[in-house]
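Engineer: Okay, predicted coordinates and the sequence, questions at the end:
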Amino acid sequence: MNKKRILIIDDDSRNIFALVNTLRAKSFDCLSCLSAEDALKLLENDEHIDAILIDMMMPEMDGYDAIPLIKKIPLREKVLVIAVTAQAMTGDKEKCLDAGADDYVSKPIDVDKLLLALSKI
């Protein structure tokens, strides 16, 4: 069985470090990008990404702008995109889903909720 490959997009390397360690311990293969711009370039060239975890609040291009661009990349229309946000304000989940995310988790991340969201791949 091939490991599921997760792309983590977050401008904070500490968040990436924590997510990569958590997901690798659960037998996922992980890639990471510190910006949405870098992630878009990677997604144009890497054929095997099963899911994307994207921080919604990043400088330059945030997740709200990046998700629709990700979904326009050929063969990425159906990739599982999970929005990750620290805000957890009323309406945030709906705003993330309206931007094209398939699911939503808030920080600090509940690993069980994250694994449940990733079970869709």
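Structural biologist: Done, it's in. The model shown is predicted, which means the values in this text are computed figures rather than measured ones.

Engineer: hey, let's count contacts and neighbours off CA atoms from now on
Structural biologist: Fine.

Engineer: Give me the contacts around the helix of greatest length in the chain.
Structural biologist: Criterion DSSP state H: the longest helix present in the chain is helix 13-25. Contacts to helix 13-25, defined as Cα atoms under 8 Å, 6 or more residues apart in numbering, come from residues Ile8, Ile9, Asp10, Asp29, Cys30, Ser32, Leu34, Val111.

Engineer: Contacts for the worst-scoring helix or strand of the chain on mean pLDDT, please.
Structural biologist: For the chain, counting by mean pLDDT, DSSP states H and E, helix 92-98 ranks last in confidence among helices and strands (a mean of 91). Identification of contacts with helix 92-98 by Cα under 8 Å, 6+ apart yields Met56, Tyr64, Ala83, Asp103, Tyr104.

Engineer: Stretch 38-51 now?
Structural biologist: For stretch 38-51, contacts defined as Cα under 8 Å, 6+ apart pick out 4-7, 9, 32-33, 66, 69-70, 73, 79-82, 118, 121.

Engineer: Going through those, which ones are buried?
Structural biologist: Of the members of the contacts of stretch 38-51, the ones counted as buried by neighbours, 16 or more other Cα atoms under 10 Å, are 5-7, 9, 32-33, 66, 70, 79-82, 118.
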